[in-house]
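Undergrad: Mind folding the following:
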Amino acid sequence: MATYLLCSSPIYGHVVPLVEIGRYLRGQGHEVGMLTGARFEDTVTGADLRFLPLPEDCDFDDRDLDRSFPGRVGKKGMARLRFDMSEVFIKALPHQYRALREELDRTPTDAVLAESGFTGAVVPLLRTEPRPPILFSGIIPLAFSSRDTAPFGPGLPPLPTKAGVLRNRLLNTLMQKVIFRPTHRAANREMKATAGVPLPVHFLDAASLADRFLQFTCPGFEYPRGDLPASVRFVGPVLPTGSDDFTPPSWWGELHGGRPVIHVTQGTIDNKDPGRLILPTLRALADLDVLVVATTGGAPLPPGDVPPNARVADFLPHEHLLPLVDVMITNGGYGGTQRALAEGLPVIVAGDREDKPEVAARVAWAGVGINLRTGSPTPRAIRKAVRQVLSDPSYKEAAGRLASEYARYDALPRIAGELETTEAGPPRGRGLSGGGPGRKGLALVSAAQLALGVAGLRRALRKRTAYDIGFLRGSTDSIERDQWLTGTNLSAPGVLLVLQAACTAALLRGPSRRAARTLGILGAIMTGGYPAERSVRASWRRPDDGVAPLTAAAALLAALMAALGFRTAGR
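TA: So this is what the prediction gives:
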């Protein structure tokens, strides 16, 4: 029998799947320890696992992250995401690694399985120290960057076209080189201090360095990728173990009454404010001939807000409830959504935090439900979605096909098999360089910006609109000649476009600091040039027949080109 170590950040949705895996491994006779937060000690020991507490420096209460991390208060959207990545996950890296290393030195271990947010488990992959195989688990939708998908986070579905590939590359470059550049630098500082080497990949892709990456879903609920890392294995969802110890509420028999049963839940974490989803759902469906079952997680509902066709409970085990449900409305937790889909249930998703927009996007892409594209939908939107799902059989049929695929993936035996057969690879941090993607990303951004510049030039020549920056104005009579040295109102001078094309081609052939620096300078000039034009500013105030989106996109790409150009040249 083997000895395994499970590692998880102290977050409920991260801990529970690993506990289920540990319970199964113990049932197979293996020794299993679990390194996680103090509040989960009873959960861990209740599964007959050896509990190993995280150091206080990286332990927190996930039930109130604003209280655990006061700097988080008031942050929303991308600012909150950057804060969470830095403060919740990256700063925990050295403390998690020390606890992991101490346990490995203390206990001979055959393999380590960490969830993808446990950043400390990346460190041994980069160091030249003895270690067992290290596997990561995908407890959220697959987040690795890819030419075939948009960056993880906004919930953008794939576009299987050349334009989609271009979109993905541009957005991935923007995300990695600009939006998350400070976060990546923070991760690199921690990694250099702890492992002695920088990350060889962007920090969002760090888990791909594992000896094996186990994604907790089936291929039918994940976007196809031609560049998927070879370490990735789809093992199916890890669902909670059912229990026969359940006393149904007095109204349970109504679930067999013939009316469609609609289940609404805000999950296990984001359930403090039922006004986000539960209450709007109760209002939306109050006068429909359906039975609504709401689980609140303990959050109280005002009695006057519970209509006659609704039944409310703090918690109901899904293994008993979902077989009796027709549609589930959820905020998009990865585990809960897949639990419903494994039953063949269509889902309606209202999620706008953490990984939930990505879950919602995959639901719509797979045809198994509706993405409401918000975490706080209106009753009208919910009512419309429920009627659509109940009346259109394609959702139920697609969910049934996905359920059949899930049934072919018995997750726990598959995971046990991967733990048994995976071997430790060589250190990942040696002989690798991060320079290539920066050069290629800059060339790609420059090419896209150049295309918009040429499009602007052609439009200006066709419309005969000369440059006009207030104190300097061109003449429509000489626009063909002037465009080479002074440009038009929609493009840089032709000589600069030619120079930009030459530098882009040089970067595509190989590294060139001179070309990168030149593109940085050109980008800076163009970033200021577009808003300096009188007609461009007017179009941004009152969008016209295409000038505003053309010039806004060109200016944005010019700014990105400037940032990437100076950064690449400075390496």
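Undergrad: any weak-confidence spans in the stretch 51-200 of the chain?
TA: For the stretch 51-200 of the chain, no stretch has pLDDT under 70.
Undergrad: Which stretches in it count as strands?
TA: If DSSP state E, counting those that start in this stretch is used as the criterion, the strands of the stretch 51-200 of the chain fall at 111-115, 134-138.
Undergrad: can you give me the angle the first one makes with strand 134-138?
TA: Right, strand 111-115. Strand 111-115 runs at 30 degrees relative to strand 134-138, counting by axes from the mean of the first three to the mean of the last three C-alpha atoms, to 10 degrees.
Undergrad: counting contacts, what elements does strand 111-115 pack onto?
TA: Here strand 111-115 touches strand 3-7, helix 12-27, strand 134-138, helix 411-421, going by 3 or more C-beta pairs under 8 Å, 6 or more residues apart in numbering; DSSP states H and E. (C-beta placed from N, C-alpha, C; glycine too.)
Undergrad: Repeat the analysis, applying 7 Å as the threshold.
TA: strand 3-7, helix 12-27, strand 134-138 (3 or more C-beta pairs under 7 Å, 6 or more residues apart in numbering; DSSP states H and E).
Undergrad: What of the last one?
TA: Contacts defined by 3+ C-beta pairs under 7 Å, 6+ apart place strand 134-138 against strand 111-115, strand 212-215.
Undergrad: What separation is there between Ser475 and Arg80?
TA: 51 Å (C-beta to C-beta, to the nearest Å).
Undergrad: where do the helices sit along the stretch 51-200 of the chain?
TA: Using DSSP state H, counting those that start in this stretch, the helices found in the stretch 51-200 of the chain span residues 65-68, 77-83, 93-106, 123-126, 162-174, 181-195.
Undergrad: go on, the stretch 201-350 of the chain?
TA: Counting by DSSP H, counting those that start in this stretch, the helices of the stretch 201-350 of the chain are 278-284, 318-321, 334-342.
Undergrad: among these, which is nearest Pro141?
TA: Closest to Pro141 of those, according to C-beta to C-beta: helix 334-342, at 6.5 Å.
Undergrad: Quick one: mean pLDDT for the closest one?
TA: What helix 334-342 shows for mean pLDDT is 93.
Undergrad: just stretch 266-281 next, same as before
TA: Here the average pLDDT along stretch 266-281 is 80.
Undergrad: just to revisit the earlier point, would you mind telling me which of Ser475 and Arg80 has more residues around it?
TA: Arg80 (17 against 11; other C-beta atoms under 10 Å).
Undergrad: Can you name the residues that contact the closest residue in space to the more buried one that isn't next to it in sequence?
TA: Among residues not flanking Arg80 along the chain, Arg72 sits closest, at 6.7 Å (C-beta to C-beta, 6 or more residues apart in numbering). By C-beta atoms under 7 Å, 6 or more residues apart in numbering, the contact list for Arg72 reads 65-66, 80, 83.
Undergrad: ok, so what distance separates the nearest residue to Val235 once chain neighbours are set aside from Pro237?
TA: Excluding its sequence neighbours, the residue lying closest to Val235 (C-beta to C-beta, 6+ apart) is Arg414, at 4.2 Å. Using C-beta to C-beta, Arg414 is found at 11 Å from Pro237.
Undergrad: Out of those two, name the residue with the larger neighbour count.
TA: Of the pair Arg414 and Pro237, Pro237 is the one with more neighbours under other C-beta under 10 Å, namely 21 against 15.
Undergrad: Setting the sequence-adjacent residues aside, check what's closest to that one.
TA: Pro237 sits nearest to Gln338 (C-beta to C-beta, 6+ apart), 4.1 Å away.
Undergrad: I'd like to know how many residues surround that neighbour.
TA: 23.
Undergrad: Could you double-check that it sits in contact with Gly220?
TA: No: using C-beta atoms under 7 Å, Gln338 is not in contact with Gly220, being 11.0 Å away.
Undergrad: starting at the chain centroid, how far to stretch 370-378?
TA: 17 Å (C-alpha atoms, centre = their mean, to the nearest Å).
Undergrad: Over to stretch 192-210?
TA: That offset, for stretch 192-210, works out to 18 Å (C-alpha atoms, centre = their mean).
Undergrad: Ok, stretch 352-361 next?
TA: Distance of stretch 352-361 from its chain centroid, counting by C-alpha atoms, centre = their mean, is 7 Å.
Undergrad: Can you check the distance spanned by it, start to finish?
TA: Stretch 352-361 has an end-to-end distance of 11 Å (criterion: C-alpha to C-alpha, to the nearest Å).
Undergrad: Contacts for that stretch next, please.
TA: 140-141, 152, 154-157, 270, 331-332, 334, 337, 349, 351, 371, 374-375.
Undergrad: In three-state terms, how would Met34 be classified?
TA: strand (DSSP: H, G, I helix; E, B strand; the rest coil).
Undergrad: For it, which non-adjacent residue is closest in space?
TA: Leu6 (4.4 Å).
Undergrad: gap between the one you found and Pro308?
TA: From Leu6 to Pro308 the distance is 46 Å (C-beta to C-beta).
Undergrad: neighbour count winner among those two?
TA: Shown here are Leu6 and Pro308; by other C-beta under 10 Å, Leu6 has more neighbours (27 against 6).
Undergrad: And the helix or strand where Gly528 lies, what's buried?
TA: Assigning secondary structure by DSSP states H and E places Gly528 in helix 513-532. Residues 515-524, 526-527, 529-530 are the ones in helix 513-532 that count as buried (16 or more other C-beta atoms under 10 Å).
Undergrad: Got the confidence number for Pro413?
TA: Note for Pro413: predicted pLDDT of 96.
Undergrad: That one: neighbouring residues, count only.
TA: Pro413, neighbours per other C-beta under 10 Å, totals 13.
Undergrad: One more: the one 4 residues further on?
TA: Around Gly417 sit 12 other residues, with neighbours defined as other C-beta under 10 Å.
Undergrad: Kindly report the same for Arg380.
TA: Other residues close to Arg380 by other C-beta under 10 Å number 11.
Undergrad: measure it to Val327 for me?
TA: 17 Å.
Undergrad: Also Glu129?
TA: Distance from Glu129 to Val327, by C-beta to C-beta: 51 Å.
Undergrad: ditto for Arg127
TA: 50 Å.
Undergrad: Of those two, which one has the most company?
TA: Looking at Arg127 and Val327 with other C-beta under 10 Å, you find the greater number of neighbours at Val327, namely 24 against 18.
Undergrad: who are the neighbours in contact with that one?
TA: 262, 345-346, 348, 386, 389-390.
Undergrad: follow-up on the earlier one: among the helices of the stretch 201-350 of the chain, which is the most enclosed?
TA: With neighbours taken as mean count of other C-beta atoms under 10 Å, the helices of the stretch 201-350 of the chain reach their highest mean count in helix 334-342, at a mean of 24.
Undergrad: List of residues touching that one?
TA: Residues outside helix 334-342 that contact it (C-beta under 7 Å, 6+ apart) are 13, 17, 139-141, 217, 221, 237, 239, 265, 267, 318, 322, 328, 330, 347, 349, 355, 359, 363, 368, 399, 402-403, 406.
Undergrad: could you check the angle helix 12-27 makes with that helix?
TA: Computed by the same axes, to 10 degrees, the angle between helix 334-342 and helix 12-27 is 70 degrees.
Undergrad: would you put the C-alpha positions of helix 334-342 in CSV?
TA: Provided in CSV are the C-alpha atoms of helix 334-342 (Å, rounded to 0.1, in the frame of the first residue of the first chain):
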residue,chain,number,x,y,z
TYR,A,334,-18.0,24.1,-10.7
GLY,A,335,-18.9,21.2,-8.5
GLY,A,336,-22.6,21.9,-8.0
THR,A,337,-23.1,22.6,-11.7
GLN,A,338,-21.5,19.4,-12.7
ARG,A,339,-23.5,17.5,-10.1
ALA,A,340,-26.7,18.7,-11.8
LEU,A,341,-25.4,17.9,-15.3
ALA,A,342,-24.4,14.4,-14.2
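Undergrad: Looking at stretch 17-26 now, give me its mean pLDDT.
TA: The model assigns stretch 17-26 a mean pLDDT of 96.
Undergrad: send the alpha carbons of it over as CSV?
TA: Below are the C-alpha coordinates for stretch 17-26, written out as CSV (Å, rounded to 0.1, in the frame of the first residue of the first chain):
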residue,chain,number,x,y,z
PRO,A,17,-13.1,17.2,-3.6
LEU,A,18,-9.7,16.2,-2.1
VAL,A,19,-11.3,14.9,1.0
GLU,A,20,-13.5,12.7,-1.2
ILE,A,21,-10.4,11.4,-2.9
GLY,A,22,-8.7,10.8,0.4
ARG,A,23,-11.7,8.9,1.7
TYR,A,24,-11.6,6.6,-1.4
LEU,A,25,-7.8,6.1,-1.1
ARG,A,26,-8.2,5.1,2.6
